[in-house]
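Engineer: the sequence and its predicted three-dimensional model are supplied below.
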Amino acid sequence: MTLRIHNTLTRQKEAFVPLQPGKVSLYVCGVTVYDFCHVGHARVYVVFDVVQRTLKKLGYDVTYVRNFTDVDDKIIGRANKNGESCDQLTERTIAAFYKDMDALDIERPQVEPRVTGHMPEIIALVQQIIERGHAYEVPGEFGGNDVYFDVVSFPAYGVLSGRSQDDNQDGASERVSHDTRKRSQADFALWKSAKPGEPSWESPWGQGRPGWHIECSAMSCKHLGASFDIHGGGKDLVFPHHENEIAQSKAANGQDFARYWMHNGFVTVDSEKMSKSLGNFFTIRDVLARYHPQVLRYYLLTAHYIAPLNFSDKSLDDANRRVLYMYEKLAAADELLARTQVAAGPELPVVQKARAELLEALTDDFNTPKALASLSEPLQVLSQALEKPKDQANQKTVAQVRAFFGEAAALLGLFQHDAAATAAEIIEMAKTLRFPAGSEALASVERLIEERNAARANKDFAQADVLRKQLLDLGVEVGDTRQGTVWRPNLGQGDSAV
RNA sequence: GGCGCCAUAGCCAAGUGGUAAGGCAAGCGACUGCAACUCGCUCAGCCCCGGUUCGAUCCCGGGUGGCGCCUCCA
């Protein structure tokens, strides 16, 4: 099956042909580790997790590299503010990063390089760029030299972002303070001379540290080679970060750099980009305090990765209901299959169709909304079959659809957990959020339920219905089952804002 | 100012040159003491104006409305 990828470089969907048959090299820009990740970060890494899973499913031997930026102005600033070392800050942040990623079932890349571990490679790369005449030194503020990339010396500058050098001049001249040491205002730092008290490394230009962009050129080259298949990241990295990476890498070795560029759209809040600087962000752990990780993951996959994704309670609540429903159906299937011997047989058309649609969707530029839609029909068939579980044909349907969801799980990173347990977790989260243990709210719900049960026992149904209405007003749905009365919060009517 | 993206039902969201997936919500029916859950059924002429075409939501041009990048940002 042919994989098609929208390539930022050409702004077109192209058939994917790897550099080496059977192998895919993938580099995704990681995070600068000075703070917790927000939902925007979650989206990138969930998206590329699905990319990576799809590539594996297609039989490729995937080398996935995702870096940590652990030297940076913001890290230094935050560490100083906290009164701790940069190392302490970055180590702690990386641990938190893993906790978030693991919760979202994001698989670890094969290589996770850190900038601090690649100084020799970075320095060598900068030297190479200087030697080839694409960078120059200027005196730094506190001794040592800064090294800048000479944009004018590299005519191809702008291929990715579609800007001419004149465009950049115009824009930059209004907002960026002029640095008279730079030959062109578009020139960017490859190496920064150290200021007192900052982490620094010995280099041919004195004590200093790398500029932001050079690290990715150095690390991708080391772990994937000068030329590799796919380079990804958030849309905001197209310019200048990725543009600069291309310039540096090509200037250094003259070879092709990444062949396919993938950029995911932003997570927005009220249609505005979620970002640290705007302050309109929600950390992953903020969200996971209110929604199950599977719900967040599902939600992040409900839009195509290129499109913007507007973050809202309403959307999460929709996802919450749907994911709970799906897990409950899978749990019911598991329960049936655990006590039933189902004979094997030819695969049902509905499963064959769904599998084909799922794969087709993912191989068409990782169309996850379409992929999720492909699960609906088999799920419906499963639900119908579960209505009459003694029917042998239905049992077969349940077994086959359940098995198919196992396959889908591997691709989407959903439904990989025990279904009954996950469904229970989702309900429990909603309960404890709205009716915390020991709270008056919980006590009153339980009191009403008892009263209602007493009324029902006395056949006083009028009173029972009054109490049901009261519970509903509290956001509680009551269900009378053979096992007794159960209740759950009315998902999606929460008053809490994210 | 430069470059670019988006505009599909109440909400979210796919998609195709030939009369629009899926989800949530909603309505109706079944089930139920009544309900919830569940199952079944119902539910869009695709921002506006031109053009190309036998035919456009999908192609081209213009407009309007959102948004992004050009400064750190996933």
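Structural biologist: Received the coordinates, thanks.

Engineer: count the residues that sit near the closest residue to A:Leu358 other than its chain neighbours.
Structural biologist: Leaving aside its sequence neighbours, A:Leu358 sits nearest to A:Ser374 (CB to CB, 6 or more residues apart in numbering; 4.5 Å). Any C-beta I mention is one placed from the backbone N, CA and C, and that applies to glycine too. By other CB atoms under 10 Å, the residues close to A:Ser374 number 23.

Engineer: show me the contacts for A:Ser374.
Structural biologist: Counting by CB atoms under 8 Å, 6 or more residues apart in numbering, A:Ser374 touches A:Ala354, A:Glu357, A:Leu358, A:Ala361.

Engineer: and the next element down the chain from the helix or strand hosting A:Lys81?
Structural biologist: Per DSSP states H and E, A:Lys81 falls inside helix A:73-82. Proceeding N to C from helix A:73-82, the next assigned helix or strand is helix A:86-103, under DSSP H and E.

Engineer: and that following helix with helix A:73-82, angle?
Structural biologist: Interaxial angle, helix A:86-103 versus helix A:73-82 (axes from the mean of the first three to the mean of the last three CA atoms, to 10 degrees): 110 degrees.

Engineer: any idea of the mean pLDDT in helix A:86-103?
Structural biologist: The average pLDDT for helix A:86-103 rounds to 98.

Engineer: and that helix, does that touch RNA strand B?
Structural biologist: No: against RNA strand B, helix A:86-103 shows no contacts by CB under 7 Å from any atom of the strand, the least distance being 10.7 Å.

Engineer: distance check, the residue nearest to A:Leu358 against RNA strand B.
Structural biologist: Distance, A:Ser374 to RNA strand B, by CB to the nearest atom of the strand, to the nearest Å: 8 Å.

Engineer: for that residue, phi and psi?
Structural biologist: Geometry field for A:Ser374 lists phi and psi as phi -70, psi -10, criterion degrees, to the nearest 10.

Engineer: sorry, back to before: need the contacts of A:Ser374 in CSV with distance to RNA strand B, can you?
Structural biologist: Formatted as CSV, the contacts of A:Ser374 follow (distance: CB to the nearest atom of the strand, whole Å):
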residue, distance to RNA strand B
A:Ala354, 11
A:Glu357, 8
A:Leu358, 12
A:Ala361, 7
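
Engineer: which among the residues you listed end up buried?
Structural biologist: Taking 16 or more other CB atoms under 10 Å as the criterion, what is buried in those is A:Ala354, A:Glu357, A:Leu358, A:Ala361.

Engineer: can you lay out these as a markdown table showing secondary structure?
Structural biologist: Listed next are the buried ones among the contacts of A:Ser374 as a markdown table, based on DSSP: H, G, I helix; E, B strand; the rest coil:
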| residue | secondary structure |
| --- | --- |
| A:Ala354 | helix |
| A:Glu357 | helix |
| A:Leu358 | helix |
| A:Ala361 | helix |
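
Engineer: low-confidence stretches in the stretch 101-250 of chain A?
Structural biologist: Applying pLDDT under 70 to the stretch 101-250 of chain A flags residues A:166-178.

Engineer: just want the residue of it that's nearest RNA strand B.
Structural biologist: A:Gly234 (1.9 Å; CB to the nearest atom of the strand).

Engineer: what's the helix or strand hosting A:Glu245 in contact with?
Structural biologist: Using DSSP H and E, A:Glu245 falls within helix A:243-253. Under the contact criterion CB under 8 Å, 6+ apart, helix A:243-253 has outside partners A:125, A:128-129, A:132, A:134-135, A:149, A:151, A:153-154, A:156-161, A:163, A:188, A:190, A:213-214, A:216-217, A:220-221, A:226, A:231, A:255-258.

Engineer: all helices of the stretch 201-350 of chain A, in order?
Structural biologist: Along the stretch 201-350 of chain A, the segments classed as helices by DSSP state H, counting those that start in this stretch run A:214-224, A:243-253, A:284-288, A:293-300, A:313-338, A:349-363.

Engineer: out of those helices, flag the one nearest A:Arg488.
Structural biologist: A:Arg488 lies closest to helix A:313-338 among the helices of the stretch 201-350 of chain A, at 9.2 Å (CB to CB).

Engineer: determine the set of other helices and strands touching the closest one.
Structural biologist: The contact analysis (3 or more CB pairs under 8 Å, 6 or more residues apart in numbering; DSSP states H and E) places helix A:313-338 against helix A:293-300, helix A:376-387, helix A:392-412, helix A:419-434.

Engineer: filter the contacts of helix A:243-253 down to the ones close to RNA strand B.
Structural biologist: Taking CB under 7 Å from any atom of the strand as the test, RNA strand B is in contact with A:Ser161, A:Arg163, A:Phe188 out of these.

Engineer: just the residues you listed: which are in helices?
Structural biologist: Residues of these located in helices (DSSP state H): none.

Engineer: residues contacting A:Gly162?
Structural biologist: Here A:Gly162 is in contact with no residues (criterion: CB under 8 Å, 6+ apart).

Engineer: correction: A:Trp191
Structural biologist: A:Ile123, A:Val126, A:Asn145, A:Asp146, A:Val147, A:Ser203, A:Trp205, A:Gly208, A:Arg209, A:Pro210, A:Gly211, A:Ile214.

Engineer: can you pick out the most distant pair from those?
Structural biologist: Top of the distance list for these (CB to CB): A:Asn145 and A:Ile214, 14.9 Å.

Engineer: who has more neighbours, these two?
Structural biologist: A:Ile214 (29 against 18).

Engineer: wait, does the helix holding A:Lys81 make contact with RNA strand B?
Structural biologist: Yes: using CB under 7 Å from any atom of the strand, we find that helix A:73-82 touches RNA strand B at A:Lys74.

Engineer: could you do stretch A:289-296 as well?
Structural biologist: No: using CB under 7 Å from any atom of the strand, stretch A:289-296 stays clear of RNA strand B, coming no nearer than 11.6 Å.

Engineer: give me the pLDDT for the residue located most distally from the centre of chain A.
Structural biologist: Going by CA atoms, centre = their mean, the residue of chain A most distant from its centre is A:Asn458, 53.8 Å out. Here the pLDDT value assigned to A:Asn458 is 94.

Engineer: most neighbours among the ones next to RNA strand B among the contacts of helix A:243-253, which one?
Structural biologist: Among these, the one with the most neighbours (other CB under 10 Å) is A:Phe188, at 22 neighbours.

Engineer: which phi and psi values does that residue adopt?
Structural biologist: phi -130, psi 160.

Engineer: what residues of stretch A:309-323 count as buried?
Structural biologist: By neighbour count on 16+ other CB under 10 Å, the buried set for stretch A:309-323 is A:Leu309, A:Asn310, A:Phe311, A:Asp313, A:Leu316, A:Asp317, A:Asp318, A:Ala319, A:Asn320, A:Arg322, A:Val323.

Engineer: what residues does the nearest residue to the second one once chain neighbours are set aside make contact with?
Structural biologist: Closest residue in space to A:Asn310, ignoring its immediate chain neighbours: A:Thr268 at 4.9 Å, by CB to CB, 6+ apart. A:Thr268 makes contacts with A:Met274, A:Pro308, A:Leu309, A:Asn310, A:Phe311, as judged by CB under 8 Å, 6+ apart.

Engineer: pull up the per-residue confidence for A:Thr268.
Structural biologist: Here the pLDDT value assigned to A:Thr268 is 96.

Engineer: that older thread, let's have the helices of the stretch 201-350 of chain A in JSON lines, adding distance to A:Asp87.
Structural biologist: Formatted as JSON lines, the helices of the stretch 201-350 of chain A follow (distance: least, CB to CB, whole Å):
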{"stretch": "helix A:214-224", "distance to A:Asp87": "17"}
{"stretch": "helix A:243-253", "distance to A:Asp87": "26"}
{"stretch": "helix A:284-288", "distance to A:Asp87": "23"}
{"stretch": "helix A:293-300", "distance to A:Asp87": "29"}
{"stretch": "helix A:313-338", "distance to A:Asp87": "36"}
{"stretch": "helix A:349-363", "distance to A:Asp87": "40"}
